[in-house]
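Colleague: Got a sequence here, can you model it:
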Amino acid sequence: MKEVKHVAVLGGGAAGFFAALSAKAHHPQAVVTLFEKTSKVLAKVKVSGGGRCNVTNATADIDTLCSAYPRGGKQLRNSFYRFNTSDTQEWFESRGVMLKTESDGRVFPISNDSQTIIDCLLNEAQAAGVHISYQVAIKSMYFKKNSWYLSCVNNDLSQSFDAVIVATGGSPKSSGFDWLEALGHVIVPPVPSLFTFNMPNESITRLSGVVVEQAQVIIKGHGIETSGPLLITHWGMSGPAILKASAFGARILSSSKYNFETQINWVGERNTELLFQQLEQCAAAYPQKLIGNQKAFPLPTRLWQFLIEKSGIPSDKKWIELGKKQARQFAELLSNDVYAVSGKTTFKEEFVTCGGLALSNINLKTMESKSNPGLYFAGEVLDIDAITGGYNFQAAWTTGFLAGQLT
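Modeller: Residues are numbered from 1 along each chain as shown. Coordinates of the predicted model:
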């Protein structure tokens, strides 16, 4: 293990804090200083998970865990063997933060309050002796005589550092990485990931608030298929199934300028013949019931009635009056309902980007730059991003822990 006396950590987010704590754990005698460009640290942790902080995911199988990352999953495989979701949970719980796992695998503090996670990290940093310097924005750095020197927006730091860990997060523009590119690193142009679909010309938006627990989403023409809960909003569609599709399609949807078609399977069955048979069974069981009142599938009532209307079936029509042709058309709509998407909506406080520092720049065992000794990286500054469910935080904990070893 390298001997280090002074360590700079750039960025006061999840990855930065974990990297600083890891550096102190592995190098107790080192002076570790964390630099944050704003007046607050852990801002993203504060707002994540609706203010509850989705700390990680309970997925224990490494291959399954890696599949949650559209970019970086394969490269992180060995890293997850060294620090994974179980390690994250043990780390927090051993420090008094009790966690709970929800039915979908997301892990939250029992308190349902992200402040619990923030307080834990701040207390650990204070106990470990991590120095936190606020409102210090780094614009460039240079290496001279085995030391790193940081240049700030307002002044130059006179102190030199044996090692620097960059955990400055993602940037919506490539220019945000210019200072790293100047050091010889390759930057993958950033584009948004994890966004909702805007459907300004689709009448389904009048169903705002309706949730389908298990829908299938296909981005037509691009081979992207996802499934999970889907939320209809006043501007279009959201929910895990949509966000997952946006993550895996981040680059191709950007290239299409967010104008594309998405196909929704509302009932989770692709075989339209089976759906047709189920409609006929419902007609046989409830011949005198109105189609609008008697659902053949467990869909929200408002959505069921909307789909009936979209299929051209009067809601006051009785099941016995539904002809085979209309039934087959309705079966097709249930499994292949197409909507035009024109634009996206991102979560400004929790924005996630696809892109950043190319993973080819670093040694993934140590998170150290291949071209700049003593320079390490962690978190969303890297070209790593995941679907929702605590996976992005897990990447921050894992890369922060490995970078902090300074090996």
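Colleague: Verify the contact between residue 58 and residue 107 for me.
Modeller: Yes. Here residue 58 reaches residue 107: they are 5.6 Å apart, a contact under C-beta atoms under 8 Å. C-beta: built from backbone N, CA, C; applies to glycine.
Colleague: Now for those two: what residues contact both?
Modeller: Counting by C-beta atoms under 8 Å, 6 or more residues apart in numbering, the common neighbours of residue 58 and residue 107 are 85, 89, 101.
Colleague: got a winner among the residues you listed for most neighbours?
Modeller: Sorting the shared contacts of residue 58 and residue 107 by how many neighbours each has (other C-beta atoms under 10 Å) puts residue 85 first, at 25 neighbours.
Colleague: Specify the beta-bridge partners of the spatially closest residue to it that is not a sequence neighbour.
Modeller: In space, and not counting its chain neighbours, residue 85 is closest to residue 56: 4.9 Å by C-beta to C-beta, 6 or more residues apart in numbering. As for beta bridges, residue 56 partners with residue 107 under DSSP bridges.
Colleague: quick one: residue 56 and residue 381, what's the gap?
Modeller: Separation of residue 56 from residue 381 (C-beta to C-beta, to the nearest Å): 20 Å.
Colleague: Can you pick out the residue with more neighbours from these two?
Modeller: Shown here are residue 56 and residue 381; by other C-beta under 10 Å, residue 56 has more neighbours (31 against 25).
Colleague: Please report the distance of that one from residue 120.
Modeller: The value you get for residue 56 to residue 120, if C-beta to C-beta is used, is 14 Å.
Colleague: And for residue 398?
Modeller: 18 Å.
Colleague: least trustworthy helix or strand in this protein by mean pLDDT?
Modeller: strand 156-161 (a mean of 75; mean pLDDT, DSSP states H and E).
Colleague: circling back to that earlier point, enumerate every residue touching the residue nearest to residue 85.
Modeller: By C-beta under 8 Å, 6+ apart, the contact list for residue 56 reads 85, 88-89, 107, 390-391, 393-394, 397.
Colleague: swap in residue 337?
Modeller: Residue 337 neighbours (C-beta under 8 Å, 6+ apart): 263-266, 307, 310.
Colleague: bridging residues for the residue lying closest to residue 377 once chain neighbours are set aside?
Modeller: The shortest distance from residue 377 to any non-neighbouring residue, by C-beta to C-beta, 6+ apart, is to residue 166 (5.0 Å). Going by DSSP bridges, residue 166 is paired in beta bridges with residue 10, residue 377.
Colleague: most distant residue from the middle of this structure?
Modeller: Most distant from the centre of the chain: residue 288, at 47.9 Å, with distances by C-alpha atoms, centre = their mean.
Colleague: do you know how far that one is from residue 323?
Modeller: Note on residue 288: its distance to residue 323, by C-beta to C-beta, is 16 Å.
Colleague: Just to check, residue 289 is in contact with residue 318?
Modeller: Yes. Counting by C-beta under 8 Å, residue 289 touches residue 318, with 6.7 Å between them.
Colleague: What mean pLDDT does the helix or strand residue 231 falls within get?
Modeller: Element membership of residue 231 [criterion: DSSP states H and E] is strand 224-232. For strand 224-232, mean pLDDT rounds to 97.
Colleague: residue boundaries of the helices in the chain?
Modeller: 14-26, 43-51, 62-66, 77-82, 85-93, 114-128, 178-181, 240-248, 250-255, 272-285, 301-310, 324-335, 391-404 (DSSP state H).
Colleague: out of those helices, nearest to residue 190?
Modeller: helix 250-255 (9.5 Å; C-beta to C-beta).
Colleague: which other helices and strands contact the closest one?
Modeller: Here helix 250-255 touches strand 187-193, going by 3 or more C-beta pairs under 8 Å, 6 or more residues apart in numbering; DSSP states H and E.
Colleague: Within the sheet, what are the partner strands of the strand it packs on, with directions?
Modeller: Applying DSSP bridges to the sheet, strand 187-193 is found paired with strand 352-357 (antiparallel).
Colleague: how far out from the middle of the chain is the partner strand?
Modeller: 11 Å (C-alpha atoms, centre = their mean, to the nearest Å).
Colleague: How about residues contacting that strand?
Modeller: Under C-beta under 8 Å, 6+ apart, the answer for strand 352-357 is 70-71, 170-172, 174, 177, 180, 185-194, 247, 250-251, 377, 380-385, 392.
Colleague: for stretch 245-264, same thing?
Modeller: Outside stretch 245-264, the residues that touch it by C-beta under 8 Å, 6+ apart are 70, 191-198, 215-222, 224, 226, 230, 237, 336-344, 352, 354, 385-387.
Colleague: Does the residue nearest to residue 377 touch residue 380 like I think?
Modeller: No. With contacts counted by C-beta under 8 Å, residue 166 stays clear of residue 380, the gap being 11.0 Å.
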